[in-house]
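1. Fold the following and give me the result.
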Amino acid sequence: MKAQTTENHPSDRTRTLVLTSRSAAVLDRVRDPLAALTPAERRRAAALPDRDDRDTFTAAHLLARIAAAELLGCAPEDVTIRQECEYCPAEHGRPSIPLVPGLAVGWSHTRGGLVAAAAGAGPLGVDIETTPARHSPALARRSLAPAEYRWMSEAPDPAAAFLDLWVRKEALIKVGRLTLGTLARVDLVGNDLEPTASWEGFQLVPVRRGPLIGACALPAPAADRLTVHHL
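-> The predicted model follows:
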């Protein structure tokens, strides 16, 4: 990765940037989207049988490079992202930029070709879903604390309320603070009338646009310099 800055694109690694977009809009920003990915990413994209899934996968990984490049002052094609699993040699796991270890990146994608990505001082995690969503009481009971389940059940739109909690918890999974097995042990509502904006030193920032419901988890000090932008 070429980390030097340019006059038009100065480096600013003190910011956190969250981007959302549609897959097609992201892919149109780069002449050869697949060329910007690593061989491992290209193999994973090629293994997806559905073309829309391949495009969404590629767009999410590319959007993370666009976000990082904005902070580093370089081109998205110059950003190399690696994924390593701490439990196995497979090419997945938390993403990182090897040449810039202090800058964290993450991404999420969901149905309808919607993608999101974040870059900034880590750790950070971003997750998105779309509405309308089908409500699954069984999933809600497995993943929500009792107070959260009550809040969701009393909401005007329980399915959207569930997603509001789900994306926050998924974002915390991506920063390594929760697992799928511990979701119901964490209460993000308590006695409040809405989900909390912070949890154990992390800010949980809502990311909303149209049918998109999302959240970004990042260290509390970094929240003061967070920008959310919709491409």
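2. other SSEs contacting the helix or strand bottoming out on mean pLDDT in the chain?
-> Lowest on mean pLDDT, DSSP states H and E among the helices and strands of the chain sits strand 82-84, with a mean of 89. With contacts taken as 3 or more CB pairs under 8 Å, 6 or more residues apart in numbering; DSSP states H and E, strand 82-84 sits against strand 94-96. Where C-beta positions appear, they are placed from N, C-alpha and C, glycine not excepted.
3. hmm, 6 Å instead?
-> Contacts defined by 3 or more CB pairs under 6 Å, 6 or more residues apart in numbering; DSSP states H and E place strand 82-84 against no helix or strand at all.
4. For that strand, list every residue counted as buried.
-> Judged by neighbour count (16 or more other CB atoms under 10 Å), strand 82-84 contains these buried residues: residue 83.
5. Make 316 the starting number, not 1.
-> Understood, numbering begins at 316; the last thing we discussed is strand 397-399.
6. partner strands of it, parallel or antiparallel?
-> Partners of strand 397-399 in the sheet, by DSSP bridges, are strand 409-411 (antiparallel).
7. re the thing from before, quick one: contacts of the least confident helix or strand of the chain?
-> The contact list for strand 397-399, computed with CB atoms under 6 Å, 6 or more residues apart in numbering, reads 406-408, 410-411, 413.
8. again, only using 10 Å
-> For strand 397-399, contacts defined as CB atoms under 10 Å, 6 or more residues apart in numbering pick out 353, 355-356, 359, 376, 405-414.
9. can you check stretch 495-511 too?
-> Outside stretch 495-511, the residues that touch it by CB under 10 Å, 6+ apart are 454-467, 469-470, 476, 479-485, 487-488, 492-494, 512-515, 518-519, 521, 530.
10. sorry, back to before: ok, which pair from the contacts of strand 397-399 is furthest apart?
-> 405 and 414 (22.6 Å; CB to CB).
11. okay, stretch 366-377 in CSV with CA atoms only?
-> Output in CSV follows, covering the C-alpha atoms of stretch 366-377 (Å, rounded to 0.1, in the frame of the first residue of the first chain):
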residue,chain,number,x,y,z
ARG,A,366,-24.0,-13.1,-8.8
ASP,A,367,-25.7,-10.6,-6.6
ASP,A,368,-24.0,-12.1,-3.5
ARG,A,369,-20.6,-11.9,-5.3
ASP,A,370,-21.2,-8.3,-6.2
THR,A,371,-22.3,-7.4,-2.6
PHE,A,372,-19.3,-9.2,-1.1
THR,A,373,-16.9,-7.4,-3.5
ALA,A,374,-18.6,-4.0,-2.9
ALA,A,375,-18.4,-4.3,0.9
HIS,A,376,-14.7,-5.1,0.8
LEU,A,377,-14.1,-2.4,-1.7
